[in-house]
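J.: Give me the fold of what follows.
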Amino acid sequence: MNYKDRIKKNFLKKGYFIFKIKKKNNLLKIRKYIQNLIKKKNIGSNLNKTHNFLDNKELNSLRMKVHSEMNLTNWFSKTYYQLASDEIREICGEDLVMQKKVNLSIQFPLDDSSILPLHSDVWTGCSPFEFVLWIPLVNVYKTKSMYILDAKVNEKIYKNYNKFKSIGEIEKKVLKNCKWLNLKFGYGLIFNQQLLHGNTINKTKETRWSLNCRFKSTFTPYAIKDIGETFIPISTTPLTELGLNYKDPNYEKKKFRS
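T.: As a prediction, the model looks like this:
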């Protein structure tokens, strides 16, 4: 089975796909840029040790400042897309849009303010036609990483959703079936955001830094987050360009033809 077929098979069967980033220089450029940003704030460049320079109350302020600055650049989003451009196109084609802003997550050891409980992005207003590209800037493992629910178990939860009183009840039932994803720096994850996923308290002695962004095919249905507002075009086929630029001199006549 070739690489392209493995991407499709894993994504459809498991709901996610872990891959080695081919354009490692792009990833190093992104990490170096973020390291330089925090150096300016007198924070060491070893991202695993960020918690040694700040307390938990200062964490969100740091995250917001770095998130804002990296998304003000004219290269960050494009470079992020290029980390997985081949895999992304294999999953949803050539006519593509991505979120305007790449998201940033930082999780200190034993910090309960950065917990993202079990959830599905589709339940919070995202389209089922979107997927997430998640890339850690450090090695992630066990509770320093994120967990994702097995696709078959996920399907059962969806079918029996109304039988549960709360998300917390679902979480207690399925957490044992969730898979913790171990990724070394240099690897990325593409996952179906319909799958239930989340994280817990980071019980390791290292800080987690990770980036994530949503992608979808341009002409698939949107939810509350629309193109132009949340998503921007990044790739368009020649035929689509011709169609979008088509000017029909007889359009008005055709429009009112019975």
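
J.: who's in contact with the residue nearest to Thr50 when sequence neighbours are not counted?
T.: Spatial nearest neighbour of Thr50, excluding adjacent residues (Cβ to Cβ, 6 or more residues apart in numbering): Thr207 at 4.3 Å. The way it works is simple: take the backbone N, C-alpha and C, and place the C-beta from them, glycine included. By Cβ atoms under 8 Å, 6 or more residues apart in numbering, the residues touching Thr207 are Leu47, Asn48, Lys49, Thr50, His51, Ile106, Gln107, Phe108, Pro109, Val138.

J.: Just the closest of the residues you listed to Phe231, please.
T.: Ile106 (24.5 Å; Cβ to Cβ).

J.: count of neighbours near that closest one?
T.: 22 (other Cβ atoms under 10 Å).

J.: surely it meets Ser113?
T.: No: here Ile106 does not reach Ser113: they are 10.6 Å apart, not a contact under Cβ atoms under 8 Å.

J.: which neighbours do these two share?
T.: Going by Cβ under 8 Å, 6+ apart, residues that sit against Ile106 and also against Ser113 are Leu59.

J.: Would you confirm that Ser105 belongs to a helix?
T.: No: under DSSP: H, G, I helix; E, B strand; the rest coil, Ser105 sits outside any helix and is assigned strand.

J.: for the chain, longest strand please?
T.: strand 208-217 (DSSP state E).

J.: Please name every helix or strand in contact with it.
T.: helix 76-82, helix 85-92, strand 96-99, strand 103-107, strand 130-136 (3 or more Cβ pairs under 8 Å, 6 or more residues apart in numbering; DSSP states H and E).

J.: looking at these, which is closest to Lys39?
T.: Among the helices and strands packed on strand 208-217, if distance is taken as Cβ to Cβ, the winner is strand 103-107, at 15.5 Å.

J.: hmm, back to that, ok, the residue nearest to Thr50 to Ile135 distance?
T.: Distance of Thr207 to Ile135, given as Cβ to Cβ, to the nearest Å: 16 Å.

J.: what about Lys159, neighbour count?
T.: Neighbour number of Lys159 under other Cβ under 10 Å is 9.

J.: so where is the stretch 101-250 of the chain shaky, pLDDT-wise?
T.: Residue ranges of the stretch 101-250 of the chain with pLDDT under 70: 228, 250.

J.: Now with 90, please.
T.: 113-120, 122-126, 149-154, 156-179, 221-230, 235-237, 239-250 (pLDDT under 90).

J.: one step back: ok, and what's touching the next helix or strand after the longest strand of the chain?
T.: Note on strand 208-217: by DSSP states H and E, the next helix or strand toward the C-terminus is strand 231-235. Strand 231-235 has contacts (Cβ under 8 Å, 6+ apart) with 77-78, 81, 89, 94-100, 214, 216, 218, 222, 225, 227.
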